[in-house]
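Participant: The following comprises the amino acid sequence and a computationally predicted model.
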Amino acid sequence: MQDSATVDEVDLALVNALQIRPRASWSLVGRVVGIDPVTAARRWERLERNGQAWISAYPPITPNQANAFVEIECEPGRGVPVAEELAEDPQAMTVDVTAGGRDVLVTVCAPNPQVLSSYLLERMSRVRHLRHVRSHLVIKTYTEGSRWRLRALDQEQLATMAREADDSGEQPAGRPSEEDWAIAVTLAANGRAAISELAEAASTSASTVRRRLARLIASQQLRLRCELARTLTGWPVYAWFFAKVATAHLDETGRALARIPEVRSVTSTAGPYNLIISVWLRSLVDVQELETQMTRGLPHLDVIDRSIAVRPVKLVGRLLDERGCATGSVSLDTRHCP
């Protein structure tokens, strides 16, 4: 029997397929990966049971969406407890303990500026052992983690998954309804939840859920993402770069960074840095090499600071252990501050 602490090439291909289409049928996934549907389902069940892989969802995108990065400096030795306390908050989407110019880095998501303001000004004031807090409001996202890929599939396999993807190109569905929020919160805990489970959560019919879900996903008002514990991906080093770019060159630099395979997210922000970049790399040496590559290839990019995640605590609603494996989830209903 395969060691539950390891993954093989078939597992990686399976996760890669689900990164492209998280709710694809097991018959399609099995056909692309080269195994039968029952085996595909069983492999995924094992990965999910061990916390090695999972499918979650972002909160619904709202017309007044407001996000921020928060850098926290703590009293000595308090980084982990501070991170673990914040990880219980729905608005703290992703939380890491880091080395560098900050002890804890939090990605905050709110449905509107009022909730974001309450979280940053009121909720943060109740956290003990903080020395300094600095927030960077998100202006524009050039790429984010749901678009990152393992690269375990070949071009033909990728093309098959892409052809089968549901992408009707519909416009956003407007302000999310209560039913939409119920669907999204349920999917955040289990991205492959059955339609019947979603219908029960939303207190509506299966046909209505099926129609709403298809529209939400096609319009990208709801985004699903398939994750594999970082230590199992082959890119175990998680680094952040904090940079400045002249405003006239910000868009072209952000788009160019988004095309680099190791880059997980690129976001323009309001603050002392106007571009924040996260990357997954194979070794610590690669942090310096990638920075050199970026600054040589992008003359307007000035990297001011960098940090390395030394302990993952939460990733888009999933609580993580020291290995980066999922141990539980926190509701992603971000509408009300704790």
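Facilitator: Arrived safely, thanks for sending.

Participant: Show me where the chain has its strands.
Facilitator: 53-57, 66-74, 92-99, 104-110, 130-143, 224-228, 237-245, 263-270, 275-281, 301-315, 318-320, 326-329 (DSSP state E).

Participant: Of all those strands, which one comes closest to residue 153?
Facilitator: strand 224-228 (12.8 Å; Cβ to Cβ). Bear in mind the C-beta positions are built from the backbone N, C-alpha and C, glycine included.

Participant: Strand partners (parallel or antiparallel) of the closest one?
Facilitator: According to DSSP bridges, strand 224-228 forms sheet pairs with strand 53-57 (antiparallel).

Participant: which residue packs closest to residue 298, ignoring adjacent ones?
Facilitator: In space, and not counting its chain neighbours, residue 298 is closest to residue 253: 5.3 Å by Cβ to Cβ, 6 or more residues apart in numbering.

Participant: Please name the residues that touch the one you found.
Facilitator: Going by Cβ atoms under 8 Å, 6 or more residues apart in numbering, residue 253 touches 245, 275, 298, 300-301.

Participant: Who wins on neighbours among the residues you listed?
Facilitator: residue 275 (25 neighbours; other Cβ atoms under 10 Å).

Participant: Check the burial of the residue lying closest to it once chain neighbours are set aside by counting its neighbours.
Facilitator: Nearest in space to residue 275, with sequence neighbours left out and distances taken as Cβ to Cβ, 6+ apart, is residue 243 at 4.5 Å. Residue 243 has 23 neighbouring residues, counting by other Cβ under 10 Å.

Participant: thinking again about what came up before, present the strands of the chain as TSV; the columns should include mean pLDDT.
Facilitator: What follows is the strands of the chain, written out as TSV (pLDDT from 0 to 100):
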stretch	mean pLDDT
strand 53-57	97
strand 66-74	97
strand 92-99	98
strand 104-110	98
strand 130-143	97
strand 224-228	97
strand 237-245	98
strand 263-270	97
strand 275-281	98
strand 301-315	97
strand 318-320	98
strand 326-329	97
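
Participant: could you dump those to CSV with distance to residue 174?
Facilitator: Shown next, in CSV, are the strands of the chain (distance: least, Cβ to Cβ, whole Å):
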stretch, distance to residue 174
strand 53-57, 18
strand 66-74, 18
strand 92-99, 23
strand 104-110, 18
strand 130-143, 20
strand 224-228, 20
strand 237-245, 33
strand 263-270, 25
strand 275-281, 29
strand 301-315, 29
strand 318-320, 28
strand 326-329, 27
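
Participant: Of all those strands, which one is nearest residue 150?
Facilitator: strand 224-228 (6.8 Å).

Participant: For the stretch 51-200 of the chain, which residues score under the pLDDT cut-off?
Facilitator: Low-confidence segments of the stretch 51-200 of the chain (pLDDT under 70): 164-173.

Participant: for the residue nearest to residue 275, which residues make a bridge with it?
Facilitator: Taking DSSP bridges as the rule, residue 243 bridges to residue 275, residue 303.

Participant: Surely it touches residue 301?
Facilitator: Yes: the pair residue 243 / residue 301 is scored as a contact, 5.6 Å apart, by Cβ atoms under 8 Å.

Participant: list residues touching both of those two?
Facilitator: What both residue 243 and residue 301 touch, as defined by Cβ under 8 Å, 6+ apart, is the set residue 275.

Participant: so which of the strands of the chain comes closest to residue 120?
Facilitator: Minimum separation from residue 120 across the strands of the chain (Cβ to Cβ) falls at strand 130-143, 5.4 Å.

Participant: Give the buried residues for that closest one.
Facilitator: Buried residues in strand 130-143, counting neighbours by 16 or more other Cβ atoms under 10 Å, are found at 130, 133, 135-136, 138, 142-143.
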